[in-house]
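Enquirer: all I have is the shape, not the residue letters:
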């Protein structure tokens, strides 16, 4: 075996750690704006506050993708605005409220949502 090949095989190689976010069915449905599926999953016990290993929640995914009705649906089922790798700012909350009203999201979905910033 050539010396270069032997050196390559024997030398320690460091590979960067690849983090693949774990996606539950609720994450997939939220990201794809499948409101019917999100509703069924939530009614059957899916946790709207379960975060992936990158800290994102189904609500944050839906909001980032501008799936506002889906985001409102998650909030109406107890999604926590304060659970975020980048804590929601008053601006984010205000934008969400404004976007919801522009999208004509039923107020009944938001009736039990606490929009206080933590």
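Expert: Perfect, I can see it now. Just so you know, these numbers come straight off a predicted model, no measurement behind them. Numbers count the residues shown, from 1 in each chain.
Enquirer: where along this protein do the helices fall?
Expert: Ranges of helices within the chain are 3-10, 25-31, 35-43, 58-64, 68-76, 90-102, 107-110, based on DSSP state H.
Enquirer: for the second one, packing partners?
Expert: Applying 3 or more C-beta pairs under 8 Å, 6 or more residues apart in numbering; DSSP states H and E, we find helix 25-31 packed against helix 35-43, helix 58-64, helix 68-76. Any C-beta I mention is one placed from the backbone N, CA and C, and that applies to glycine too.
Enquirer: mind listing what's buried in it?
Expert: In terms of neighbour count (16 or more other C-beta atoms under 10 Å), helix 25-31 has its buried residues at 26-27, 29-31.
Enquirer: equivalent analysis for the fourth one, please.
Expert: Applying a neighbour-count criterion of 16+ other C-beta under 10 Å, the buried positions in helix 58-64 are 58-63.
Enquirer: got the end-to-end distance for stretch 45-60?
Expert: 19 Å (C-alpha to C-alpha, to the nearest Å).
Enquirer: now stretch 59-68
Expert: 9 Å.
Enquirer: now that stretch: mean pLDDT?
Expert: If you average the pLDDT over stretch 59-68, you get 86.
Enquirer: before we move on, back to that, of the helices and strands packed on helix 25-31, which is nearest residue 50?
Expert: helix 58-64 (7.6 Å; C-beta to C-beta).
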